[in-house]
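Visitor: fold the following for me, if possible:
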Amino acid sequence: MKKLMSVVFLLMLGTGLGFLGPGYCAEMPKVIHVGNAGAFTGDAAAPCMEIFNSSQIAVDEWNEKGGIKGRKIEQIMGDDAMDPAQAVNVAQKFCADDLMYGVVGPPMSHTAQASLKIYSGCGLVNITTSASKPSLTDQGTKSFFRVNARDDAHGWNCALFIKRNLKPKRVAVLNEKTAYCESIADETIKGLKKLGMKDADIMQDTIVAGTKDFSPVLTKVKAFNPDVLFFVAITAPDNAIAVRQVKELGIRATYFGTEGARDKKDFIQAAEGAAEGAYVYHFAPDVFAISEAANYIKKFEAKYGTISGFGPPAYEAMNILLTAIDKAAKSNKLTRKEVLKNMAQTKNYKGILGFPVTFDKKGDLEGGATYIFRVEGNNFKQIAVMTGK
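Guide: The predicted structure follows:
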């Protein structure tokens, strides 16, 4: 009887462990979810939809090759509308989804900041394409990664470019009161001062996102008479309004916009000629000059239209995430914990951005650069790659 009970116990144990599969892994789900968190409505909808659609191209390519261990991958949209409270809701929704193994986004620092601890608390990887506030990776949460450089790198690089290439005597810096805008403005001003500019040579003021009239603060800028206006706003529509009003008010300063302005439709076309000669910095290179990006470009343009520059890092980020999930599945350890471990071990990933992606211990991109573009006609021409030197 004792022997029989032992056999029954072993059979039950075997059956119980059987559903865990080889290596005591949880049974492969019927479908694998990956999230995409961003502002898919509102003024930032265009770049965020480019992020989503580029991520979808990566998902489609993986599914065409059989998915992950034969399971289909589904991308789930989480719209935060640029609102930190909604970003928290999106993160909680994704965390509660047992089929969810990683998230691309959020792309903005203030929404990433709001949701950071939610993702960390449930062990869910989130990899951003553009959120750049330094403190996002300085908090030790371990689940946050980015394929873009930080503001302390971008700010210094913008200061270097402005001082060396534009050679201003006076600079005006306007910024929205958001995590990203305050961060990049502060880092750039710090850089300009390090390069020899005095407090009296730098004007600082704030702007309100979504306003249709920046003329009150721009009138102050005109009185200051700067050689360069660094307009730190999140969205392209705000930049388009600003650059038009700069021309209308007769401000002669060279216009320098931030990454959100790199949108042909919402900045160049919406500015109705006023953006000609303006500069913008960006977190991603001109992929049209990168041979490895040709297939992605062809697929995106055939299905979704014009690429502004926000999509390529998302295609890269999703592929890196899916690679981490795939490694976990192949090792029979498909858990969020294993995906996180694989993400942290990403080294020299070669995709479409023209440089290998390696994450440091904080989750930051090693060796990230800042790309400077100038508006020429209806296009952005990359004119410099700043690496902090």
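
Visitor: was I right about Tyr349 contacting Thr358?
Guide: Yes - judged on CB atoms under 8 Å, Tyr349 makes contact with Thr358 at a distance of 7.3 Å. The way it works is simple: take the backbone N, C-alpha and C, and place the C-beta from them, glycine included.

Visitor: compare these two (neighbour count), which wins?
Guide: Taking neighbours as other CB atoms under 10 Å, Tyr349 and Thr358 compare with Tyr349 leading, 17 against 14.

Visitor: now do stretch 167-183: distance to the chain's middle.
Guide: Taking CA atoms, centre = their mean, to the nearest Å, one finds the center of stretch 167-183 at 20 Å from the center of the full chain.

Visitor: could you export that stretch as CSV, keeping only the C-alpha atoms?
Guide: The C-alpha atoms that make up stretch 167-183 are tabulated as CSV, following Å, rounded to 0.1, in the frame of the first residue of the first chain:
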residue,chain,number,x,y,z
LYS,A,167,28.0,81.5,-32.3
PRO,A,168,25.4,83.6,-30.4
LYS,A,169,26.0,86.5,-28.1
ARG,A,170,22.6,86.1,-26.5
VAL,A,171,20.2,83.1,-26.2
ALA,A,172,16.6,83.0,-25.1
VAL,A,173,15.3,79.7,-23.7
LEU,A,174,11.5,79.1,-23.3
ASN,A,175,10.1,75.9,-21.9
GLU,A,176,6.9,74.2,-20.8
LYS,A,177,6.6,73.3,-17.1
THR,A,178,6.9,69.5,-17.7
ALA,A,179,9.5,67.0,-16.6
TYR,A,180,11.2,66.7,-20.0
CYS,A,181,11.1,70.4,-20.9
GLU,A,182,12.4,71.7,-17.6
SER,A,183,15.1,69.0,-17.7
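
Visitor: quick one, strands of the stretch 201-350 of the chain?
Guide: Assigned by DSSP state E, counting those that start in this stretch, the stretch 201-350 of the chain shows strands spanning 202-207, 228-232, 254-257, 279-282.

Visitor: can you put those strands in JSON lines and add distance to Gly70 and mean pLDDT?
Guide: Shown next, in JSON lines, are those (distance: least, CB to CB, whole Å; pLDDT from 0 to 100):
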{"stretch": "strand 202-207", "distance to Gly70": "51", "mean pLDDT": "97"}
{"stretch": "strand 228-232", "distance to Gly70": "47", "mean pLDDT": "98"}
{"stretch": "strand 254-257", "distance to Gly70": "46", "mean pLDDT": "98"}
{"stretch": "strand 279-282", "distance to Gly70": "38", "mean pLDDT": "97"}
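
Visitor: let's have those in JSON lines, adding mean neighbour count and distance to Glu366.
Guide: What follows is those, written out as JSON lines (neighbours: other CB atoms under 10 Å; distance: least, CB to CB, whole Å):
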{"stretch": "strand 202-207", "mean neighbour count": "17", "distance to Glu366": "31"}
{"stretch": "strand 228-232", "mean neighbour count": "26", "distance to Glu366": "26"}
{"stretch": "strand 254-257", "mean neighbour count": "24", "distance to Glu366": "27"}
{"stretch": "strand 279-282", "mean neighbour count": "25", "distance to Glu366": "19"}
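
Visitor: what would the ones you listed look like in JSON lines with distance to Gly367?
Guide: Putting the strands of the stretch 201-350 of the chain into JSON lines (distance: least, CB to CB, whole Å) gives the following:
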{"stretch": "strand 202-207", "distance to Gly367": "29"}
{"stretch": "strand 228-232", "distance to Gly367": "24"}
{"stretch": "strand 254-257", "distance to Gly367": "24"}
{"stretch": "strand 279-282", "distance to Gly367": "16"}
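
Visitor: ok, which of those comes nearest Ser143?
Guide: Of all the strands of the stretch 201-350 of the chain, strand 279-282 sits nearest to Ser143, with 25.8 Å by CB to CB.

Visitor: residues contacting that closest one, please?
Guide: For strand 279-282, the surrounding residues in contact (CB atoms under 8 Å, 6 or more residues apart in numbering) are 154, 157-158, 161, 166, 239, 254-259, 261-262, 267, 309, 370-375, 380, 386.

Visitor: recalculate using a threshold of 6 Å.
Guide: With CB atoms under 6 Å, 6 or more residues apart in numbering as the test, strand 279-282 has contacts from 158, 256-257, 259, 261-262, 309, 370-374.

Visitor: return the distance of it from the chain's centre.
Guide: Taking the mean C-alpha point of strand 279-282 and that of its whole chain, the gap between them comes to 15 Å (CA atoms, centre = their mean).

Visitor: just give the strands next to it in its sheet, each with its orientation.
Guide: strand 254-257 (parallel), strand 370-376 (antiparallel) (DSSP bridges).
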